[in-house]
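Enquirer: Prediction below, plus the sequence it came from.
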Amino acid sequence: MMASSFSCLAAFFVAILVQFLLVSASTKSIDAICQHVTGKRFCLKTLSAYPPAASATTTFQAVRAAIHIAKSYAEKCRKFTEKTAKENPKPKDQFMDCQDAYLRIILSLRSAARELKESPETSNYDVMVCTDQTTMVKNLVGKNRDVASNTIMKMTLMMNKLIVIAVGATEALSL
C-alpha cells in the first residue's frame, strides 16, 4: 500500500515537473522573441494567449507561431476589405487596393514562414516589408471618415503591432 502511494506521488511530481519544464521552455521562447519588440507587454500577452506559441518547446516553434498569428490576422483583414469593397461602391477602388495590400502581406508572411529554417535573415526581410503595405493602406483610407475606413484603420494599426512581433520573432532566430 505504501509503495503504491509512493509511486502515485512520484508520478504526480514527475507530471508537475514536466509541465513546469514545458512552460519554462515556452516562456523562454516567448521572452526571446519579445525582447526584440517595442511594446513588450503586448507581445508577451499576445504570444502567451496563443496556444501554439504558449506550448512551443523551441524558439523556432514560437517564431513560426508568431508569424502565423500575423498571417491569420492579415487574412481576416483581407476578407474584411473584400467585403467592404463589395458593399461600398463610392470608395470601392480604395478598398480594393487595401485588399491587394493585405494579399501582399499574406504572401510575404507565407514566404517568411517557408524561409525561416534556411534563411532567417531573408525571412526577417519578408516580414519587414509588410509595413510598406500597411503604410499604403493608411495612406489610402486614413483620411476617410466613414465607418468602414475607420475599421480598416484600426485593423491596420493592429496589423502593425503583429508585424512588429513577427519581426522580433525572426530577429530572435537570426542571433
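Expert: Sure thing, it's come through. Computed from a predicted structure; not experimentally measured.

Enquirer: any chance you could map the helices in the chain?
Expert: Counting by DSSP state H, residue ranges of the helices within the chain are 2-34, 40-49, 51-54, 59-87, 92-115, 120-128, 130-141, 147-174.

Enquirer: low-scoring pLDDT stretches of the protein, where are they?
Expert: In the predicted model, the chain carries pLDDT under 70 at residues 1-26.

Enquirer: redo that, cut-off 90
Expert: In the predicted model of the chain, residues 1-28, 88-92, 173-175 satisfy pLDDT under 90.

Enquirer: mind putting the helices of the chain in JSON lines, mean neighbour count included?
Expert: Where C-beta positions appear, they are placed from N, C-alpha and C, glycine not excepted. Output for those, formatted as JSON lines (neighbours: other C-beta atoms under 10 Å):
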{"stretch": "helix 2-34", "mean neighbour count": "13"}
{"stretch": "helix 40-49", "mean neighbour count": "16"}
{"stretch": "helix 51-54", "mean neighbour count": "16"}
{"stretch": "helix 59-87", "mean neighbour count": "20"}
{"stretch": "helix 92-115", "mean neighbour count": "20"}
{"stretch": "helix 120-128", "mean neighbour count": "20"}
{"stretch": "helix 130-141", "mean neighbour count": "19"}
{"stretch": "helix 147-174", "mean neighbour count": "20"}
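
Enquirer: and the gap between the closest residue to residue 88 other than its chain neighbours and residue 112?
Expert: Nearest residue to residue 88, sequence neighbours excluded (C-beta to C-beta, 6 or more residues apart in numbering): residue 148, at 5.6 Å. As judged by C-beta to C-beta, to the nearest Å, residue 148 and residue 112 stand 29 Å apart.

Enquirer: Right, I'll call it a day here.
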